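[1] Predicted model follows, preceded by the sequence.
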Amino acid sequence: MKEVVSCERIKQLDAYTIEKRGIPSCVLMERAALKTVEEMERVFREKNTEEKILCVCGNGNNGGDGVAIARILFLHGYQAEIYMAGDSSSFTCETARQFSIASNYHVPVVNNPQWREYTTIVDAVFGVGLARPVMGKYKELIETMNRTAAWKVAVDIPSGVNGDTGAVMGAAFEADLTVTYGFLKAGLCLYPGRKNAGRTVLADIGVYGEPGVPEKKKILEEKDIRNLPMRTPEGNKATFGKVLAVAGSPGMCGAAYFCAAAAFASGAGMVRILTDESNRIPLQSLLPEAIIDCGEGEKAYQKAYDWCDVILMGPGLGISEKARFKVRWFLEKALSGKKVVLDADGLNLLSENQSWKKLLGDHVILTPHMGEMSRLTGKSIGGLQDSREASALEYAGDTGAVCVLKDACTVTAGSDGTVWYNLSGNAGMATAGSGDVLAGILAGMLCMYKGREISSGEMAEIAAMGVFIHGRAGDLAADKKGMYGMKAGDLVLTVPEVLKYGGRHEEI
């Protein structure tokens, strides 16, 4: 896994590296420039074309990085030039130093760039410290850079992207490649900033975390799947967990199927679908491995509750009075110790019954998309998109549950303040049933930890891993089917491929 930081935090870590570890700022800047050039030259070798490069530099230290990049490229034999977008009287100390060094090496400086001449544009105008919308001449400059046909590289973060939220602040550079330093920034994970960044490369320049002070924002990687619990060789179907899927109203057996099939694909030993009688025959045909339970009333519900280890509620359930009674009954019962995944109509019922929040806690994973989160919180969708992390954290803190706020970059927040950004997945997953598959994966994931004490922070990590696996399944499905034609059923089929090496802690 990798740690993610806010703009304020990276400034603190930079200062800690300089003041406490003793690495001078100019050394960090030189390392950043060298790493960026290294990545650019890798691409240049693949392109095998003659390059003319313009480094567009601001007054701050981001501009100093850009000047250093231009100097190194120039000394490597490239036709590299510098355009200073700001006034030299406002240069930071490090940028002034880099500009002086570049002058000593006779790196060309242009005042009126002929934009069409350049094959590569390097954006080093603003860094993570940008605190207000881009306006005036700087907005015109960024828009001009975007209009060029050149290959575009951003230094640390595309100018104009909010480093914390990913929002475009008036105007933002549209990069093909972003080389960021030390840590990923939240704004490079969240859209639209992630789109503006293009391909993002994390470069190690010697800025690390403080000893004993773990960061609370993280992303998962493919190799983390190996850290899943090993499947007990002497186990049986009960050992590996039993999921109760409370899902499917009349005519909605598809949602019940997808969540139940995904729970099986994610390792659950047994799955029982508590559903409407009208769904019995189609579900028995679609998923003969599952137990189909059409019982009604508290006695039937108690039997199903006593049988299971994990309860998944909501997919295709509807919001009828019967569904309302059922969801409340199981939420109340689960307070005695069962894990719960609350999805889809379970969340819609929760939004209509705010008093149910007292039935939540760190045993519950909530999976709202933006529309459901809007209904849960009363906030507009636009407001939620502007503050995904803060909104997820606030709701997790308010309910004690894990909040999986689904979006192009899903944010998972725990009540302990941990945040996980998801970078797997693709636009092809925006299809009917995809959320039901995620709910089933989360239930299957919880079965992997049957019998273990799980803290609120661990619940958030398990949920984040489920989201990551869901996205990776989508990536595999897109490779096979393409993003236009893939369906939720394709995700169910690719989940086992993603989990193939789960629990295999040795090197593959």
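    Sure, I can see it. Numbering: from 1, shown residues only.
[2] Contacts only, for residue 47.
    residue 151 (C-beta atoms under 8 Å, 6 or more residues apart in numbering). For the C-beta atoms, the positions are set from N, CA and C on the backbone; glycine is no exception.
[3] For residue 199, list each beta-bridge partner.
    Applying DSSP bridges to residue 199 yields these beta-bridge partners: residue 177.
[4] Wait, it touches residue 179, no?
    No: under the criterion of C-beta atoms under 8 Å, residue 199 makes no contact with residue 179, lying 9.6 Å away.
[5] Comparing the two, which residue is more hemmed in?
    In this comparison of residue 199 against residue 179, neighbours counted by other C-beta atoms under 10 Å, the higher total goes to residue 179 at 27 against 11.
[6] so what's that one closest to, chain neighbours aside?
    Using C-beta to C-beta, 6 or more residues apart in numbering and skipping residues adjacent in sequence, the residue nearest residue 179 is residue 36, 4.4 Å away.
[7] One more: residue 363?
    Residue 363 sits nearest to residue 339 (C-beta to C-beta, 6+ apart), 5.4 Å away.
[8] what does residue 352 give?
    In space, residue 352 is closest to residue 319, 7.1 Å off (C-beta to C-beta, 6+ apart).
[9] what number of residues lie near the one you found?
    Under the criterion other C-beta under 10 Å, the count of neighbours that residue 319 has is 15.
[10] Now it: phi and psi?
    Dihedral angles of residue 319 (phi, psi; degrees, to the nearest 10) stand at phi -120, psi 30.
[11] hmm, back to that, and the gap between the residue nearest to residue 363 and residue 242?
    11 Å (C-beta to C-beta, to the nearest Å).
[12] repeat for residue 262
    With the distance defined as C-beta to C-beta, residue 262 ends up 15 Å from residue 242.
[13] More neighbours: these two, which one.
    Neighbours of residue 262 and residue 242, each counted by other C-beta under 10 Å, are more numerous for residue 262; the result is 33 against 20.
[14] Surely residue 445 and residue 466 touch.
    Yes: under the criterion of C-beta under 8 Å, residue 445 is in contact with residue 466, at a separation of 4.5 Å.
[15] tell me, what's touching those two both at once?
    Taking C-beta under 8 Å, 6+ apart as the contact rule, the neighbours common to residue 445 and residue 466 are residue 266.
[16] my read: the residue nearest to residue 363 touches residue 311, true?
    Yes: counting by C-beta under 8 Å, residue 339 does reach residue 311; the two are 7.2 Å apart.
[17] any idea how far residue 302 is from residue 447?
    To residue 302, residue 447 is 21 Å away according to C-beta to C-beta.
[18] Look at these two and report which has more neighbours.
    For residue 447 versus residue 302, neighbours defined as other C-beta under 10 Å are more numerous around residue 447 (24 against 13).
[19] Look at residue 152 and give its secondary structure.
    For residue 152, the assignment made with DSSP: H, G, I helix; E, B strand; the rest coil gives strand.
[20] Check what pLDDT it gets.
    In this prediction, residue 152 carries a pLDDT score of 98.
[21] and it, how far is that from residue 120?
    8 Å.
[22] the more surrounded of those two?
    When residue 152 is set against residue 120 and neighbours are counted by other C-beta under 10 Å, the residue ahead is residue 120, at 25 against 21.
[23] Across the sheet, point out what pairs with that one.
    residue 53, residue 151.
[24] That one reaches residue 149, doesn't it?
    No: taking C-beta under 8 Å as the contact criterion, residue 120 and residue 149 are not neighbours in contact, 10.8 Å apart.
[25] Does anything pack onto the lengthiest helix in the chain? Which helices or strands?
    The residue-count maximum for a helix in the chain (DSSP state H) belongs to helix 456-481. When contacts are defined as 3 or more C-beta pairs under 8 Å, 6 or more residues apart in numbering; DSSP states H and E, helix 456-481 packs onto strand 402-405, strand 411-413, strand 419-421, helix 434-448, helix 488-498.
[26] now that helix against helix 488-498, angle please.
    110 degrees (axes from the mean of the first three to the mean of the last three C-alpha atoms, to 10 degrees).
[27] Helix 456-481 to helix 434-448, inter-axis angle?
    For helix 456-481 against helix 434-448, the angle between stretch directions is 130 degrees (the same axes, to 10 degrees).
[28] Now helix 456-481: average pLDDT?
    The predicted model assigns helix 456-481 a mean pLDDT of 96.
[29] And for stretch 292-308?
    For stretch 292-308, mean pLDDT rounds to 97.
[30] Let me see the contact set for the spatially closest residue to residue 5 that is not a sequence neighbour.
    Closest residue to residue 5 apart from its sequence neighbours, by C-beta to C-beta, 6+ apart: residue 183 at 4.4 Å. Applying C-beta under 8 Å, 6+ apart, one finds that residue 183 lies in contact with 2, 3, 4, 5, 9, 10, 13, 202, 207, 215.
[31] mind redoing it with 10 Å?
    Counting by C-beta atoms under 10 Å, 6 or more residues apart in numbering, residue 183 makes contact with 2-6, 9-10, 13, 202, 207-209, 215, 217.
[32] Repeat that for residue 320.
    Contacts of residue 320 (C-beta under 10 Å, 6+ apart): 249, 250, 326, 345, 349.
[33] where do the strands sit along the stretch 1-150 of the chain?
    2-5, 52-57, 79-84, 120-124 (DSSP state E, counting those that start in this stretch).
[34] Quick one: list the elements packing against the second one.
    Counting contacts by 3 or more C-beta pairs under 10 Å, 6 or more residues apart in numbering; DSSP states H and E, strand 52-57 packs against helix 25-47, helix 61-75, strand 79-84, helix 93-104, strand 120-124, helix 136-147, strand 151-155.
[35] residues of the longest one that come out buried?
    What it means is helix 25-47. By neighbour count, with 16 or more other C-beta atoms under 10 Å as the criterion, the buried positions of helix 25-47 are 25-26, 28-33, 35-37, 39-40, 44.
[36] My read is that residue 310 contacts residue 263, right?
    Yes: in this structure residue 310 lies within contact range of residue 263 using C-beta atoms under 10 Å: 8.2 Å.
[37] roughly how far apart are residue 417 and residue 392?
    11 Å.
[38] now residue 85
    Residue 85 is 36 Å from residue 392, where distance means C-beta to C-beta.
[39] Looking at the two, which one has more neighbours?
    When residue 85 and residue 392 are compared for neighbours, residue 392 comes out ahead with 26 against 20, by other C-beta under 10 Å.
[40] From residue 194, how far out is the more buried one?
    With distances defined as C-beta to C-beta, the gap from residue 392 to residue 194 amounts to 17 Å.
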